[in-house]
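Q: okay, structure incoming, though there's no sequence with it:
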């Protein structure tokens, strides 16, 4: 089961992510930043900011922190794996709490390091922009759906699994460039909570709590309908680091953690339309033949 080692790694990874994301925003948009003075084109600076932020996330997933915890760094990602029976409810709540605490810590660290420059960009807070809250809600839900669909597709295939973080970060960089003028491109409730709390910017915060979670759960439901479950809840499975998630297909059968995977209330299953999971044909086949 998920232990404090994994929870601590998730906390540290999320804190580091927020520190780096806010730093990238400061570099790209804070008055007096060398990048702002050198590159007057805001679109180009937004692209640079997106690439830096996405690269930071991928680096954390591939680091020992991500290999220990699975590199979720995002309550929406954790919610998707919870719905796919890779985590108990208790483990998912621990991860979400660690992610939120990590995001607050990372935003505080960025504020301490950058001071007034961080304040000038609201410590990286995300707020609805073009189109208002309704547009931001739709955009954030759709973007997170796309991100989780990509993650689940890659994680579920041995040949693609090692490239999950790289592919996800590439998508995030594109989404930051194209959609930041609409919603700020959060995709992550914790990523929005940390800067909102530290920078006292609450405008439209509910959008970034609801939309990414809705998008992630919708992607998980679709994946469940098509394939039954997912191979593992780690974005980068490394046999050097024991996998503490339930029924990991990348772990040898005698070392897998096996527990009843339906941990939610029986009343919730009919509501979601998912019932008790039964493995489909795809998951009966050897993972060597999965592409």
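A: That came through, no problem. Predicted model, so just to flag it, every value in this text is computed and none were measured.

Q: looks like residue 198 contacts residue 107 (just checking).
A: Yes. Residue 198 is within contact range of residue 107, at 4.0 Å (criterion: C-beta atoms under 8 Å). In this view, the C-beta of every residue, glycine as well, is placed from N, C-alpha and C.

Q: okay, and the common contacts of the two?
A: residue 123 (C-beta atoms under 8 Å, 6 or more residues apart in numbering).

Q: quick one: the residue sitting nearest the centre point of the chain and residue 101, what's the gap?
A: Centroid-nearest residue in the chain, with C-alpha atoms, centre = their mean: residue 74, separated by 3.5 Å. Remark: distance between residue 74 and residue 101 (C-beta to C-beta, to the nearest Å) = 14 Å.

Q: who touches both of the two?
A: residue 14.

Q: now do the contacts for the residue lying closest to the residue nearest to the centre of the chain once chain neighbours are set aside.
A: Nearest residue to residue 74, sequence neighbours excluded (C-beta to C-beta, 6 or more residues apart in numbering): residue 188, at 4.3 Å. By C-beta under 8 Å, 6+ apart, residue 188 lies in contact with 73-76, 208, 212.

Q: give me the pLDDT for residue 188.
A: pLDDT, residue 188: 98.

Q: name the SS class of residue 174, please.
A: helix (DSSP: H, G, I helix; E, B strand; the rest coil).

Q: oh, and call the first residue 586 from now on, that's how I've got it
A: All set: I'll call the first residue 586, so the last point we hit is now residue 759.

Q: who's in contact with it?
A: residue 635.

Q: do you know how far it is from residue 753?
A: When residue 759 is compared with residue 753 (using C-beta to C-beta), they lie 11 Å apart.

Q: what packs against the helix or strand encompassing residue 798?
A: Using DSSP states H and E, residue 798 maps to helix 790-812. When contacts are defined as 3 or more C-beta pairs under 8 Å, 6 or more residues apart in numbering; DSSP states H and E, helix 790-812 packs onto helix 660-668, helix 717-740, helix 774-784.

Q: which one of the ones you listed lies closest to residue 831?
A: helix 660-668 (9.3 Å; C-beta to C-beta).
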